[in-house]
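Novice: this one's structure only:
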């Protein structure tokens, strides 16, 4: 979250440093090169064929069939995303953000809902009632995400992935795409469709603050209350055998949701950094609280998870990289088109109509040129930083070379011992 203070290029500058730290931990924990097991999943099925490489019999499932099932999964996901779009339209109408002025807005304008946001009505924007649609939208987002969680598991099972790593990657991509669309669609609409930075900031503040409070309540206060009730019942004074049996009966901890929450939060901070810089500070505070609550949750609320040694966070690293790359583009577009920041530098490129900035005649190409020149320069600077910073520290490279050298010596000694035994 601290990266958000440095703007969109900040995370990209820190990514190589994070990679160096990650490789250092992998070396200390002896997990370099380790990934999840590639053994076939118990539910994987297919036809028995002879492997052309090893000559052994193994189960095979045609790739083209899996790709057809990918298309089916995309159709089901698209239908559910329509409900997320409908929830967004209802929320923005109830907040009075969608007006019956421009032809493009009339597509999403619902007069029955928009009337409740008029002055003097229940959701008047000048009263606290305006936060009710945002709160309801947050609840609907949570319910849709909870529904799709089960649907995504069934769809991924239906795609018949051979390994656990393939299954997890497909599941992560499905859930991230759905929840990112669910959380960000209203913000993208206000930022790049209505080009309204004020409403974008208001919606971002409302959605992000309510979501942060929800996480603190569900992952800090609620586990603390459960722990307090367990201590009152005297569970902490039970013998070791009873505590072990109780651990087995606890719910299994699933790190997937914690990863996804952090990635969605990272998107709030970086994609719209120029609209709500304070989001980075709120993220730091919320994450510091959640770090302690997660420790409490792992020890007392959930069954302690077994260790799975791996050398990285897998597909999550690529998702974070994609978010930061997209954030450079979104913040450049916010600077050039949505906000009046560029207008403050070159006011003759714009004109004001009813308080809104509009491109002056013949000046659009210059604004587009400035926007994408900035974006390309930032991307080139980021690529140069990635080229200069080696993601693998020198001491880690030395350790890996020592490991391979000792492995070669051990293999030579083993071959020598076999030759002596045979002679």
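Specialist: Done, it's in. These numbers come from a predicted model, not from an experiment.
Novice: tell me which stretches of this structure form helices.
Specialist: 9-28, 63-94, 111-114, 131-158, 164-192, 197-216, 222-232, 240-249, 255-271, 278-296, 315-333, 341-345, 364-388, 394-422 (DSSP state H).
Novice: how about the second one: buried residues?
Specialist: Taking 16 or more other CB atoms under 10 Å as the basis for neighbour counts, the residues of helix 63-94 that come out buried are 66, 73, 76-77, 80-81, 84, 87-94. Using the backbone N, CA and C atoms, a C-beta is placed for each residue, glycine as well.
Novice: which of these lies closest to residue 206?
Specialist: residue 91 (10.0 Å; CB to CB).
Novice: contacting residues for residue 70?
Specialist: residue 159 (CB atoms under 8 Å, 6 or more residues apart in numbering).
Novice: what's the distance between it and residue 59?
Specialist: 20 Å (CB to CB, to the nearest Å).
Novice: per-residue pLDDT, the closest residue to residue 119 other than its chain neighbours?
Specialist: Spatial nearest neighbour of residue 119, chain neighbours left out: residue 126 (7.1 Å); criterion: CB to CB, 6 or more residues apart in numbering. For residue 126, the pLDDT comes out at 79.
Novice: isn't residue 126 right next to residue 117, touching?
Specialist: No - in this structure residue 126 lies outside contact range of residue 117 using CB atoms under 8 Å: 10.4 Å.
Novice: comparing these two, which residue is more hemmed in?
Specialist: residue 117 (22 against 8; other CB atoms under 10 Å).
Novice: tell me who's in contact with the closest residue to the more buried one other than its chain neighbours.
Specialist: Spatial nearest neighbour of residue 117, excluding adjacent residues (CB to CB, 6+ apart): residue 96 at 3.1 Å. Counting by CB under 8 Å, 6+ apart, residue 96 touches 114, 117, 118, 123, 125, 130.
Novice: can you pull the contacts of the second one?
Specialist: For residue 117, the contacting residues are 93, 94, 95, 96, 123, 124, 125, 130, taking CB under 8 Å, 6+ apart as the criterion.
Novice: CSV for the helices of the chain, including mean pLDDT and distance to residue 100?
Specialist: Shown next, in CSV, are the helices of the chain (pLDDT from 0 to 100; distance: least, CB to CB, whole Å):
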stretch, mean pLDDT, distance to residue 100
helix 9-28, 77, 40
helix 63-94, 91, 10
helix 111-114, 88, 7
helix 131-158, 88, 18
helix 164-192, 89, 16
helix 197-216, 79, 16
helix 222-232, 66, 43
helix 240-249, 65, 57
helix 255-271, 86, 29
helix 278-296, 80, 32
helix 315-333, 88, 26
helix 341-345, 82, 27
helix 364-388, 86, 27
helix 394-422, 86, 61
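Novice: as CSV, these with distance to residue 307 would be great.
Specialist: Formatted as CSV, these follow (distance: least, CB to CB, whole Å):
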stretch, distance to residue 307
helix 9-28, 14
helix 63-94, 31
helix 111-114, 51
helix 131-158, 23
helix 164-192, 15
helix 197-216, 26
helix 222-232, 22
helix 240-249, 16
helix 255-271, 12
helix 278-296, 16
helix 315-333, 18
helix 341-345, 49
helix 364-388, 31
helix 394-422, 21
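Novice: between those, which one is nearest to residue 55?
Specialist: The nearest among those, by CB to CB, is helix 63-94 at 21.3 Å.
Novice: chain center to that closest one: distance?
Specialist: 18 Å (CA atoms, centre = their mean, to the nearest Å).
Novice: and stretch 60-71, by the same measure?
Specialist: Centre-to-centre, stretch 60-71 and its host chain are 26 Å apart (CA atoms, centre = their mean).
Novice: swap in stretch 56-73?
Specialist: 27 Å.
Novice: what of stretch 182-190?
Specialist: Distance, centroid of stretch 182-190 to centroid of chain: 15 Å (CA atoms, centre = their mean).
Novice: over to stretch 158-172?
Specialist: With CA atoms, centre = their mean, you get 18 Å for stretch 158-172.
Novice: hmm, who's touching it?
Specialist: So stretch 158-172 is contacted by 35-41, 43-46, 59, 61, 65-66, 69-70, 72-73, 152-153, 156-157, 256, 259-260, 314-316, 319 (CB under 8 Å, 6+ apart).
Novice: show me what counts as buried in that stretch.
Specialist: By neighbour count on 16+ other CB under 10 Å, the buried set for stretch 158-172 is 159-172.
Novice: closest one of the contacts of residue 117 to residue 203?
Specialist: Distances from residue 203 to those, taken by CB to CB, are shortest for residue 95, at 7.7 Å.
Novice: mind checking how far the nearest residue to the closest one once chain neighbours are set aside is from residue 116?
Specialist: Using CB to CB, 6+ apart and skipping residues adjacent in sequence, the residue nearest residue 95 is residue 133, 5.1 Å away. Relative to residue 116, residue 133 is positioned 9 Å away (criterion: CB to CB).
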